[in-house]
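A.B. asks: Fold the following and give me the result.
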Amino acid sequence: MHILIYSYNYHPEPIGIAPLMTELAEGLVKRGHTVRVVTAMPWYPNSEIAPEYRGKLYLTENLNDVRVQRSFVWISRKRNFKNRALFEISFVILSFFQFLNGSRPDVIFLTIPGLPVCVPAAILSWLYRTPIILNLQDILPDAAVHVGLIRNPKMIRLFQWLEKFAYSTATKISVISDGFTENLLQKKVPKEKIIEIPNWVDVNFIKPLEQENNYFRKENNLEGKFVVLYSGNIALTQPLEYLIDAAAKLSHIDDIAVVIVGKQDALEKLERDCHRKKTKNVILRPFQPRNKLPEMLAAANVGMVMQRENVISFNMPSKIQVLLASGRAIIASVPANGTAARAIEKSGGGLVVPPQDSEALASAIEHLYLNPQLVKSLGEKGRAYAKQVYNFELILDRYEELLLSVQEPIKKLSKLL
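C.D. replies: I've put the predicted structure just below:
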């Protein structure tokens, strides 16, 4: 097949949707498909275009036999409506012309966020008589409204219209959890359009490693420590201040170290929190190169998942699959009724504690510190579950089957015409 992946993010962006879309594209190429990716210049998570991509309107690269066609996007570190609108408009318009700069695909694989790009995708689908698979990594605008990112009633109505438009123009909608399915069914999306395929993890890349001679432990003086690690996005929905509070409550145990890895400007705010609370057992570090991710995860005894109590119930952090595959116990400070809590409980790989409760968090950390056999057992169960449920090759089978299934009706229609 000739497959077009339409995504805001792609390699070399280290976290979020980019690694997923990169692995999907390269996995499909290895199975004999031709894959073209229309994406933006790399900008995430630093909210600035990477130095080697600056000053270019368009750029085409060949990365591991995937044709990657990039376009300029307006990006700013200032989070406001104007900058977000310029970002969306720049990508929608410029990416459209990149799409036209290539052969007709058999299928368009469109990943969300964001919503406005569903409009050019629909136009291209109509022009080329090409089906769209809509891949939902988040449900907008529900998630943004729920946490207060979008408050303007007119903007909410616009995004709700775009959401309905995206669902109506898609041939199939792939969702990453049962919580997404429930949300779409409530919105009268036909059940036969929806297919649940969870996000995956490459269990051959992310795997349990020994802590002896671990570079991350050595660099950060963590030898002999019980390491609690949070690595990933630090934004409105991740209340890391409660992890710092929990660390302060555990300062009497010298062997416990809390490590937070994230974007530099977010770490600066957390550093002020650490200074104010006089915590000596919290280490803040910037993102590590992706090739060092398995070893960084192996440096931990426990991996953290953090969500605010008001996070929308279907939110499913992709870090859960990664932590499970790393063979490390998980503490999930998340709403008990949410998709994330259900995933952790099903896996048997971690403990779920109430969100925004530093006492409960400190208690869970201390409990695992005092019970090394439980830590080992949780890690082993999580790893086994990741291999069984989130294994990349198994999930790639399902995506390949989905892509082929939407192509068949189009072929029959073309023969009739």
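A.B. asks: Val37 in helix, strand or coil?
C.D. replies: The assignment at Val37 comes out as strand when based on DSSP: H, G, I helix; E, B strand; the rest coil.
A.B. asks: where do the helices sit along the stretch 51-200 of the chain?
C.D. replies: 81-100, 118-128, 142-146, 153-169, 178-186 (DSSP state H, counting those that start in this stretch).
A.B. asks: Summarise which helices and strands the second one is packed against.
C.D. replies: Just to be clear, that refers to helix 118-128. helix 81-100, strand 107-112, strand 132-136, helix 153-169 (3 or more C-beta pairs under 8 Å, 6 or more residues apart in numbering; DSSP states H and E). No exception for glycine: its C-beta is placed from N, CA and C like everyone else's.
A.B. asks: picking up where we left off before, Val259: which of the helices of the stretch 51-200 of the chain is closest?
C.D. replies: Val259 lies closest to helix 142-146 among the helices of the stretch 51-200 of the chain, at 27.6 Å (C-beta to C-beta).
A.B. asks: Do me a favour and average the pLDDT over the closest one.
C.D. replies: Mean pLDDT, helix 142-146: 74.
A.B. asks: Stretch 121-131 now?
C.D. replies: 94.
A.B. asks: Tell me which residues of that stretch come out buried.
C.D. replies: Ala121, Ala122, Leu124, Ser125, Tyr128, Thr130, Pro131 (16 or more other C-beta atoms under 10 Å).
A.B. asks: sorry, back to before: dump the helices of the stretch 51-200 of the chain to JSON lines, plus distance to Gly303.
C.D. replies: Compiled in JSON lines, these are given as follows (distance: least, C-beta to C-beta, whole Å):
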{"stretch": "helix 81-100", "distance to Gly303": "31"}
{"stretch": "helix 118-128", "distance to Gly303": "34"}
{"stretch": "helix 142-146", "distance to Gly303": "23"}
{"stretch": "helix 153-169", "distance to Gly303": "33"}
{"stretch": "helix 178-186", "distance to Gly303": "21"}
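A.B. asks: Contacts only, for Arg77.
C.D. replies: Ser47, Glu48, Asp265 (C-beta atoms under 8 Å, 6 or more residues apart in numbering).
A.B. asks: From Ile312, how far out is the residue lying closest to Thr339 once chain neighbours are set aside?
C.D. replies: Leaving aside its sequence neighbours, Thr339 sits nearest to Gly179 (C-beta to C-beta, 6 or more residues apart in numbering; 3.8 Å). Distance of Gly179 to Ile312, given as C-beta to C-beta, to the nearest Å: 9 Å.
A.B. asks: any idea which of the buried residues of stretch 121-131 is closest to Ile256?
C.D. replies: Of all the buried residues of stretch 121-131, Ile256 sits closest to Ala121, with 48.4 Å by C-beta to C-beta.
A.B. asks: And the strands in the stretch 301-417 of the chain?
C.D. replies: 302-306, 329-333, 350-353 (DSSP state E, counting those that start in this stretch).
A.B. asks: avg pLDDT for the last one?
C.D. replies: Meaning strand 350-353. 97.
A.B. asks: Each with direction, which strands does that strand pair with?
C.D. replies: Applying DSSP bridges, strand 350-353 is found paired with strand 329-333 (parallel).
A.B. asks: could you check the angle strand 302-306 makes with the partner strand?
C.D. replies: Counting by axes from the mean of the first three to the mean of the last three C-alpha atoms, to 10 degrees, strand 329-333 points 20 degrees away from the direction of strand 302-306.
A.B. asks: Contacts for strand 329-333, please.
C.D. replies: By C-beta under 8 Å, 6+ apart, strand 329-333 touches 228, 239, 242-243, 301-307, 320, 323-324, 340-341, 344, 349-357, 360-361, 364-365, 368, 374-376, 378-379, 382.
A.B. asks: Buried residues of the worst-scoring helix or strand of the chain on mean pLDDT, list them for me.
C.D. replies: Taking mean pLDDT, DSSP states H and E as the measure, the chain has helix 142-146 as its least confident helix or strand, at a mean of 74. Residues of helix 142-146 classed as buried by neighbour count (16+ other C-beta under 10 Å): Asp142, Ala143, Ala144, Val145, His146.
A.B. asks: go on, stretch 73-81?
C.D. replies: In stretch 73-81, counting by 16+ other C-beta under 10 Å, buried: Val73, Trp74, Ile75.
A.B. asks: low pLDDT regions in this protein?
C.D. replies: The model of the chain has pLDDT under 70 over residues 147-149, 408-417.
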